[in-house]
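Asks: please find the sequence and the predicted model below.
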Amino acid sequence: MTASKLPTILIVEDDIENQKFLKIFLKKCFEVEVCDNAEDCCAILNTQPIDIILMDISLKGTKDGLQLTKELKSHPEFGSLPIIGLSAHAFQKDKDNAYNAGIDFFMTKPVDAKVLLETLLSSLAECNKRTK
């Protein structure tokens, strides 16, 4: 991430309405990439630099968001990327499962837009401190 360029966020979300909302809301502060499954997520990560991931925990398809997060966190190139998890499930066991998978921060849907933005920016700042 350069000082003159907005950070790039990858939104991994399979609900079209959530994709639209997140993309419109976040494009003010981020370059936004969107996909709806694990395979496309990996393809994007392998072709362009991403600074942070916003991950739907309940992805449909071959892998859910937790399985994908575990894979990314164990990958040498992507393991340090901050991943913010979103879920409609708010029980403690859901949060525990997310953190055990490697999610850096867990948020429940519907998400408060201001809190989401603050969380994303603080996660990026923390990641930048660790990599310097």
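Replies: Sure, I can see it. As the structure is a prediction and not an experimental result, all values here were calculated from the model.

Asks: C41 against L68, yeah?
Replies: Yes. With contacts counted by Cβ atoms under 8 Å, C41 reaches L68, the gap being 6.3 Å. Just so you know, the C-beta spots here come from the backbone N, C-alpha and C atoms, and that holds for glycine as well.

Asks: where exactly do the helices run in the chain?
Replies: Along the chain, counting by DSSP state H, helices occupy 16-26, 38-47, 65-74, 92-101, 113-131.

Asks: what's the most buried one of these?
Replies: helix 65-74 (a mean of 19; mean count of other Cβ atoms under 10 Å).

Asks: starting at the chain centroid, how far to it?
Replies: In terms of Cα atoms, centre = their mean, to the nearest Å, the gap separating the centre of helix 65-74 from the centre of its chain is 11 Å.

Asks: check stretch 113-132 too.
Replies: 12 Å.

Asks: what sits up against that stretch?
Replies: Stretch 113-132 has contacts (Cβ atoms under 8 Å, 6 or more residues apart in numbering) with 1, 7, 9, 25-26, 29-30, 51-52, 54, 80-82, 84, 104-105, 107.

Asks: repeat that with 10 Å
Replies: Stretch 113-132 has contacts (Cβ atoms under 10 Å, 6 or more residues apart in numbering) with 1, 7, 9, 21-22, 25-26, 28-30, 51-54, 80-84, 86, 104-107, 111-112.

Asks: what of stretch 17-25?
Replies: 9, 11-13, 15, 30, 32-36, 54, 56, 86, 109-111, 113, 116-117.

Asks: are any of those residues buried, and if so which?
Replies: 9, 11-13, 15, 30, 32-36, 54, 56, 86, 111, 116-117 (16 or more other Cβ atoms under 10 Å).

Asks: tell me how far L26 lies from E17.
Replies: 15 Å (Cβ to Cβ, to the nearest Å).

Asks: picking that back up, could you redo the helices of the chain as JSON lines and give each row mean pLDDT?
Replies: Putting the helices of the chain into JSON lines (pLDDT from 0 to 100) gives the following:
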{"stretch": "helix 16-26", "mean pLDDT": "95"}
{"stretch": "helix 38-47", "mean pLDDT": "97"}
{"stretch": "helix 65-74", "mean pLDDT": "97"}
{"stretch": "helix 92-101", "mean pLDDT": "96"}
{"stretch": "helix 113-131", "mean pLDDT": "88"}
